[in-house]
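**Q** sharing a model that was predicted from the sequence below.
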Amino acid sequence: MTSPGPETSPKALLAQLLKTARQQSEYRTQEALAAAIGKERSTVGKTEQGDRVPAWEVLQDILTATGVIGLARTAIEGLWQVAKSTEEDAPVKAWFSGYLTAEGAAHTIRVWQPLIFHGLLQTPDYTRALLEAADLSETEIQQQVQLREQRQAILRRKDPPNVIALIDESVLRRPVGSPEVMTGQCARLLVLPTSVVLQVVPSRVGANAGLGGAITLAAGIGKPEVLLAEALVEDVVTTDVPLVLKASATFDRVRASALSRADSRALITEAMETTTWRA
């Protein structure tokens, strides 16, 4: 049987692009590139042959060594997420990879979370506590913790997306894991990069338009906005215009009830000092 080509296989296309990047760089051989990134030649070889989707760290080393930057790097990172999601032991469902690609290439991300902290804001300990409560295996937990850390790398880019994150005050008060986990999670919120605007919807607001569920909207240049609508059983990823517009309107109504950035920081600090989960 003929192996899938780059026209139909994300893994094969990724392999082709990484091989081309090496050939156009100063590293004319796989051995030279492998030596530059501190790996065995077989690591580079299997990556370029499409036998293996490289680990995220290896991908980053290859892209850096071969001088891939800007939009090209963002595109390859998005393709890596798709390729990784189609492996048999993928930690991400293939349908979800479409959202991850949009998130990685977005210039603006809008988030509303009424129950937990969004993945882009979570500490590894908080993520682990959530997944342990969901009764995932240790292997699955490690994969998901690593995936969240990889997603958060977009916040450390030279050109990070603008993120507007809304959370319900109950998220601050709900104990997930130990008091130390919650303290660390809330502390993370106080040192977010300036590209992230975090606003809290106070409990005194009562019912609001977003209590039906979490929504995330990722907007990229020249591409339709992608909606991730989270549900108890299975999330939905779509670019359907009426649904995106409805979610966008819901987000705007929820934000209208949110505290300012400064007042939100004050509430987070107060929660750390007074909530019963505190250490």
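**A** Perfect, I can see it now. Numbers count the residues shown, from 1 in each chain.
**Q** please name the nearest non-neighbouring residue to residue 253.
**A** residue 209 (4.1 Å; CB to CB, 6 or more residues apart in numbering). The C-beta positions use only the backbone N, C-alpha and C, and glycine is treated the same way.
**Q** actually residue 40, not the one I typed
**A** Sequence neighbours aside, residue 34 is the residue nearest to residue 40 in space, at 6.1 Å (criterion: CB to CB, 6+ apart).
**Q** neighbouring contacts of the helix or strand encompassing the one you found?
**A** Following DSSP states H and E, one finds residue 34 within helix 30-37. Helix 30-37 has contacts (CB atoms under 8 Å, 6 or more residues apart in numbering) with 22, 25-27, 40-41, 43-45, 48, 58, 61-62, 65-66.
**Q** run a quick neighbour tally on the nearest residue in space to residue 101 that is not next to it in sequence.
**A** Leaving aside its sequence neighbours, residue 101 sits nearest to residue 78 (CB to CB, 6+ apart; 4.0 Å). Counted with other CB atoms under 10 Å, residues neighbouring residue 78 total 20.
**Q** quick one, grab the pLDDT at residue 78.
**A** We have a pLDDT of 83 for residue 78.
**Q** next one: it from residue 72, what distance?
**A** To residue 72, residue 78 is 11 Å away according to CB to CB, to the nearest Å.
**Q** what of residue 215?
**A** With distances taken as CB to CB, residue 215 is found 30 Å from residue 72.
**Q** and what of residue 259?
**A** Distance from residue 259 to residue 72, by CB to CB: 40 Å.
**Q** which one's more surrounded, these two?
**A** More neighbours surround residue 259 than the other of residue 259 and residue 72, with 19 against 13 (other CB under 10 Å).
**Q** sec struct for the more buried one, please.
**A** coil (DSSP: H, G, I helix; E, B strand; the rest coil).
**Q** and the residue lying closest to it once chain neighbours are set aside, what is it in contact with?
**A** Residue nearest to residue 259 in three dimensions, not counting chain neighbours: residue 200, with 5.2 Å by CB to CB, 6+ apart. Going by CB under 8 Å, 6+ apart, residue 200 touches 166-169, 172, 258-259, 263-264, 267-268.
**Q** 7 Å - rerun?
**A** Residue 200 makes contact with 167, 169, 258-259, 264, 267-268, according to CB atoms under 7 Å, 6 or more residues apart in numbering.
**Q** and stretch 49-62, what's buried?
**A** 50, 52-56, 58-62 (16 or more other CB atoms under 10 Å).
**Q** nearest to residue 205, of those residues?
**A** Using CB to CB, residue 56 comes nearest to residue 205 of the buried residues of stretch 49-62, at 39.2 Å.
**Q** residue 152 versus residue 124, what's the distance?
**A** From residue 124 to residue 152 the distance is 10 Å (CB to CB).
**Q** got the contact list for residue 118?
**A** By CB under 7 Å, 6+ apart, residue 118 lies in contact with 111, 165.
**Q** which helix or strand contains it?
**A** In the assignment (DSSP H and E), residue 118 maps to no helix and no strand.
**Q** residue 226 reaches residue 99, doesn't it?
**A** Yes - judged on CB atoms under 7 Å, residue 226 makes contact with residue 99 at a distance of 5.8 Å.
**Q** okay, those two: which has more neighbours?
**A** Shown here are residue 226 and residue 99; by other CB under 10 Å, residue 226 has more neighbours (23 against 20).
**Q** could you pull out the strands in the stretch 1-150 of the chain for me?
**A** Taking DSSP state E, counting those that start in this stretch, the strands of the stretch 1-150 of the chain run over residues 108-113.
**Q** ranking helices and strands of this protein by mean pLDDT, which lands last?
**A** helix 94-105 (a mean of 75; mean pLDDT, DSSP states H and E).
**Q** turn the contacts of residue 200 into TSV, including secondary structure and distance to residue 157.
**A** What follows is these, written out as TSV (DSSP: H, G, I helix; E, B strand; the rest coil; distance: CB to CB, whole Å):
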residue	secondary structure	distance to residue 157
167	strand	23
169	helix	30
258	coil	26
259	coil	28
264	helix	24
267	helix	29
268	helix	25
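**Q** so which two of the residues you listed are the farthest from each other?
**A** The farthest-apart pair in these, when distances are taken by CB to CB, is 258 and 268, at 12.8 Å.
**Q** before we move on, the earlier item: shared neighbours of residue 226 and residue 99, anything?
**A** With contacts defined as CB under 7 Å, 6+ apart, the residues shared by residue 226 and residue 99 are 218, 237.
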